[in-house]
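**Student:** Kindly generate the corresponding structure for this input.
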Amino acid sequence: MNTFGRIFRITTWGESHGKAVGCVIDGCPSNLKLSEEDIQRELDRRKPGKKLTSKRMEEDRVEILSGVFEGKTTGAPISMIVYNRDVRSEHYVKLKNTPRPGHADLTYFLKYRHRDWRGGGRSSARETVGRVAGGAVAKKLINAFGINVLGYAIEVAGIRWERDSDDYHEVFQRAERSPLRIPDESVSERAEERVVELMKEGDSAGGVVEIVATNVPPGLGEPVFDKLSARLAYAVMGVPAVKGVEIGSGFRLAKMKGSESNDPIVIRDGKVRLEKNDCGGILGGISVGETIIVRCAIKPTPSISKRQRTVDIEKMEEVEIEITGRHDPCIVPRAVPVLESMVALTLADFMILQGLIPKSLSE
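**Tutor:** Next comes the predicted model:
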């Protein structure tokens, strides 16, 4: 399943060490102003080669091949391509018969009996280039209707930051200045120190990302089996390395009393609102008009240089391996724009489904 969405759909394609990666978008309304710069801005936030990321030096320059004419979408499929330039497959030759623990190597082999072992092939996080490119278009579309999707890290390597403001835009701007996308400078520095320590030990770190969507109108989501919350969980759980998701106060709600978890309904500025937002902007699977809050647990990067136990699937014997190459010691900061994209794609799809975005923006 390489396609995501019902009406606003993206299909991603390409492998980590193949010639290129990219995506095709179908169902985007016509007359949306769109340029390669709009896409590039988001891809630059995801690309490797920065502090505490993989040293794979990819420019990730995007080319729009179709669906845009004279600076506007035409309603036709939008095809985008990003060429892989800095590929070093030699690091993986010795691992082609020894599946790496924590990776999809084993399950791809068991399912297909044949796989692209170069850098993980299709299961590599390199595939997310197409998601971010598609998400950039979704963001541009829903931004036109006042919706913003913003992400940042709230925990890295066991060091947690507690949100200190409900001004999500200001929090986001602070996070973008941090190598780990943590909004607090002192917390970020402590987390960086810990990640560096783990790197020296040949190990890696995970964390938690929070994604918020502001100005989402009420009414998005379809009972009973097409809830907005269910679709968001499906969207973010499909991102590599995500192993858990919660909406609003999530698992903390399990420790509360009903009188504590229920969000009182009030009138504010002449509108029906919630006094607080433990529900994370969704009730009964339908958006209520408050900020939508989604948190994602990101596992530690499985490619580590410590010796690990696995099997040689050709010789059918247990062996130990050491993984070399260029890998992120912590995938959390680069996961942020990917998760933002999946949330934006989900909201764009529901907005069109609900009839809040017309087939042509000139209507």
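**Student:** Share the number of residues neighbouring residue 363, please.
**Tutor:** Neighbours of residue 363 under the rule other CB atoms under 10 Å: 9. Any C-beta I mention is one placed from the backbone N, CA and C, and that applies to glycine too.
**Student:** ok but residue 18 is inside a helix, no?
**Tutor:** No - counting by DSSP: H, G, I helix; E, B strand; the rest coil, residue 18 falls outside a helix, being coil.
**Student:** which residues touch the residue of the chain most remote from its centre?
**Tutor:** The centre of the chain is farthest from one residue, residue 315, which by CA atoms, centre = their mean lies 37.4 Å away. By CB atoms under 8 Å, 6 or more residues apart in numbering, the residues touching residue 315 are residue 97.
**Student:** Kindly recompute the last result at 7 Å.
**Tutor:** Going by CB atoms under 7 Å, 6 or more residues apart in numbering, residue 315 touches no other residue.
**Student:** Give the ranges of residues in the protein that sit below the confidence cut-off.
**Tutor:** 55-57 (pLDDT under 70).
**Student:** Kindly recompute the last result at 90.
**Tutor:** 16-18, 47-60, 85-96, 115-126, 163-166, 303, 305, 322-328, 362-363 (pLDDT under 90).
**Student:** ok, how many other residues are close to the residue nearest to residue 73 when sequence neighbours are not counted?
**Tutor:** Leaving out its chain neighbours, the residue that sits closest to residue 73 by CB to CB, 6 or more residues apart in numbering is residue 32, at 4.4 Å. Neighbours of residue 32 under the rule other CB under 10 Å: 21.
**Student:** Next, find the distance separating residue 32 from residue 77.
**Tutor:** 14 Å (CB to CB, to the nearest Å).
**Student:** again with residue 353
**Tutor:** Applying CB to CB, the value for residue 353 to residue 77 is 19 Å.
**Student:** Same question for residue 163.
**Tutor:** With distances taken as CB to CB, residue 163 is found 39 Å from residue 77.
**Student:** Assign a three-state SS to residue 22, would you?
**Tutor:** strand.
**Student:** Pull the contacting residues for it.
**Tutor:** With CB under 7 Å, 6+ apart, residue 22 has these contacts: 13, 14, 80, 81, 82, 130, 133.
**Student:** just residue 281 next, same as before
**Tutor:** By CB under 7 Å, 6+ apart, the contact list for residue 281 reads 216, 287, 288, 290, 291, 292, 293.
**Student:** One more pass at 8 Å, please.
**Tutor:** Neighbours of residue 281 in contact, by CB under 8 Å, 6+ apart: 213, 216, 247, 248, 287, 288, 289, 290, 291, 292, 293.
**Student:** Distance check, the residue lying closest to the fifth one once chain neighbours are set aside against residue 307.
**Tutor:** The shortest distance from residue 287 to any residue that is not its chain neighbour, by CB to CB, 6+ apart, is 4.2 Å, and that residue is residue 220. Using CB to CB, one gets 49 Å for the distance from residue 220 to residue 307.
**Student:** so how far is the first residue of stretch 287-296 from its last?
**Tutor:** The first and last residues of stretch 287-296 sit 19 Å apart, counting by CA to CA, to the nearest Å.
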